[in-house]
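Chemist: Build me a model:
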Amino acid sequence: MATVNSYTRGMPTPDRTSLDEIVRAARELLEDSGLASLTMSAVAQRVGVRAPSLYKRVRDRDALIQLVAEATLSELAERLDQGTTVADLADEFRAFGHERPAAFALVMTPGAGTPVAGDQFRVAATTGILRVAGELAGQDHALQAARTFTAWAAGFVSMELNGAFGLGGSVDDAWNFGVTAIAAAITR
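Modeler: Modelled structure (predicted):
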C-alpha cells in the first residue's frame, strides 16, 4: 500500500515495510537481545526504516509484543498439531523452547504487565494437546489432562533453559521419565 506525504506533493510513495516484516524483525530481536531490548526504535533499525514509520502498522510497543506473542503461539500451534502421542507433543514442545527460548518465556511465563496473546491464539496452541489428552484421558478429562501436561512440560523446559538442573544426572533421562510418567498419569 502506498502513502501520500507532503514531500511528494500528493504522489504516492511505496510502503517501506510490512507488518509481517516488523513482527519477524521483532521476533529475531527478542531472541538476540531479550524482551527489554525489544523497542520500536530497535525494530525500525532492523527493518531499515525510521521508528515513526512503524506506527503506521503497530500502535505501540505493547501491541508489538502482543503480535510477537501471537506469532509465537501460532508457530507453536502449527508444530504441536502434528503430534499424535504425548511423546511427540512433549519433544516438539521442548524443541521449540530450545530453539526460541526468549519467545518460549514470553508466552509460557510472561512477567507481570507483559502483553499477552489474544485468547484465540492461546486456544489454537492447545488444540493438539487437547486432542491427544482427550484420547488418553477421555473427553470429560481432556482439559485437566492437557493442563497437567502443559504445566509439567513448561515448567521442565523453563527450568532447563535457566540451568536449574544442577544435581547431575542426565536431563534427557529425566525428561523421558517425566514424559512417560505424565502419559501414565493422564491415561484413564
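Chemist: show me the contacts for the residue nearest to Ser41 when sequence neighbours are not counted.
Modeler: The shortest distance from Ser41 to any residue other than its chain neighbours is 4.7 Å, reached at Ala51 (Cβ to Cβ, 6 or more residues apart in numbering). Yep, even glycine has a C-beta here, placed from its N, CA and C like the rest. By Cβ atoms under 8 Å, 6 or more residues apart in numbering, Ala51 lies in contact with 40-41, 44.
Chemist: what helix or strand does the residue most central in space within the chain sit in?
Modeler: Residue closest to the mean C-alpha point of the chain, counted by Cα atoms, centre = their mean, is Thr72 at 3.0 Å. Per DSSP states H and E: Thr72 is located in helix 61-80.
Chemist: on that earlier part again, for the closest residue to the residue nearest to the centre of the chain other than its chain neighbours, give me its contacts.
Modeler: The shortest distance from Thr72 to any non-neighbouring residue, by Cβ to Cβ, 6+ apart, is to Ala103 (4.2 Å). For Ala103, the contacting residues are 27, 30-31, 68, 72, by Cβ under 8 Å, 6+ apart.
Chemist: how about a cut-off of 10 Å?
Modeler: By Cβ atoms under 10 Å, 6 or more residues apart in numbering, the residues touching Ala103 are 27, 30-31, 35, 68-69, 71-73, 75-76, 96-97.
Chemist: go on, Gly111?
Modeler: Gly111 is in contact with 35, 105, counting by Cβ under 10 Å, 6+ apart.
Chemist: Show me the shaky parts of the protein.
Modeler: Residue ranges of the chain with pLDDT under 70: 1-15.
Chemist: just to revisit the earlier point, list just the nearest of the contacts of Ala51 to Thr150.
Modeler: Set against Thr150, the nearest of the contacts of Ala51 by Cβ to Cβ is Met40 (31.9 Å).
Chemist: From Ala26, how far off is that closest one?
Modeler: Per Cβ to Cβ, to the nearest Å, Met40 is found 9 Å from Ala26.
Chemist: So Arg57 lies in a helix, does it not?
Modeler: No: going by DSSP: H, G, I helix; E, B strand; the rest coil, the assignment for Arg57 is coil, not a helix.
Chemist: Domains of this structure: list them as residue ranges, please.
Modeler: Per automatic domain parsing, the structural domains of the chain span 1-58, 70-188.
Chemist: Helices along the chain, start to end?
Modeler: Here the chain has its helices, by DSSP state H, at 19-33, 40-47, 51-54, 61-80, 86-99, 101-108, 119-137, 142-161, 171-186.
Chemist: quick one, which of the ones you listed is packed in tightest?
Modeler: helix 101-108 (a mean of 22; mean count of other Cβ atoms under 10 Å).
Chemist: Just give me how far that one sits from the chain centre.
Modeler: Between the centre of helix 101-108 and the centre of its chain there are 6 Å (Cα atoms, centre = their mean, to the nearest Å).
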